[in-house]
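**Q** Sequence and predicted structure, then a few things I'm wondering about:
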Amino acid sequence: MVLSKQIKSELQDDSGDAYDEAARQVVDLANRIADEQQEADLWDISDGLLMGAIHYWLYTRQPCDDPMCEECEPVSNPEQRLQELHRLVDDFAKDSDYFQSAHDIKVGRA
Ligand SMILES: [Zn+2]
């Protein structure tokens, strides 16, 4: 597998918006690690980033101590948190410029 060592961040604006800033900096971090550790496997870097991102995401989705809280209702147990996480992963993947590849194997090809 051949990948360019550096990928472009899809979000280049410097609006300071926390959502865009977090996404941009994660890609910048991956590029920096790949640059500093030329021997590193890019899949290891991206798996590590994903692990850290999921760890942080789960931390932020811990429900508060009010069992009737409406805001926390969609993430009120581990199964619901995982379901919400899967939904976001699906959305983010399909929104990515790298979701489709020219080398994708066509389904049904013999
Ligand atoms: Zn709550």
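**A** On my side now, so go ahead. Numbering: from 1, shown residues only.

**Q** C-alpha only now, for contacts and for neighbours.
**A** OK.

**Q** Just the element for residue 28, please.
**A** helix 18-36 (DSSP states H and E).

**Q** for that helix, packing partners?
**A** helix 42-60 (3 or more CA pairs under 8 Å, 6 or more residues apart in numbering; DSSP states H and E).

**Q** Please work out the angle formed by the directions of the helix it packs on and helix 18-36.
**A** Orientation check (axes from the mean of the first three to the mean of the last three CA atoms, to 10 degrees): helix 42-60 against helix 18-36 gives 150 degrees.

**Q** Helix 42-60 - what's its average pLDDT?
**A** Mean pLDDT, helix 42-60: 97.

**Q** Mind listing what's buried along that helix?
**A** Buried residues in helix 42-60, counted by 16 or more other CA atoms under 10 Å: 42, 45, 49.

**Q** Distance to the ion added to the residues you listed, as JSON lines?
**A** Converted to JSON lines, those look like this (distance: CA to the ion, whole Å):
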{"residue": "42", "distance to the ion": "38"}
{"residue": "45", "distance to the ion": "34"}
{"residue": "49", "distance to the ion": "28"}
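
**Q** can you list those residues in JSON lines and add distance to residue 19?
**A** Below are the buried residues of helix 42-60 laid out as JSON lines (distance: CA to CA, whole Å):
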{"residue": "42", "distance to residue 19": "24"}
{"residue": "45", "distance to residue 19": "21"}
{"residue": "49", "distance to residue 19": "16"}
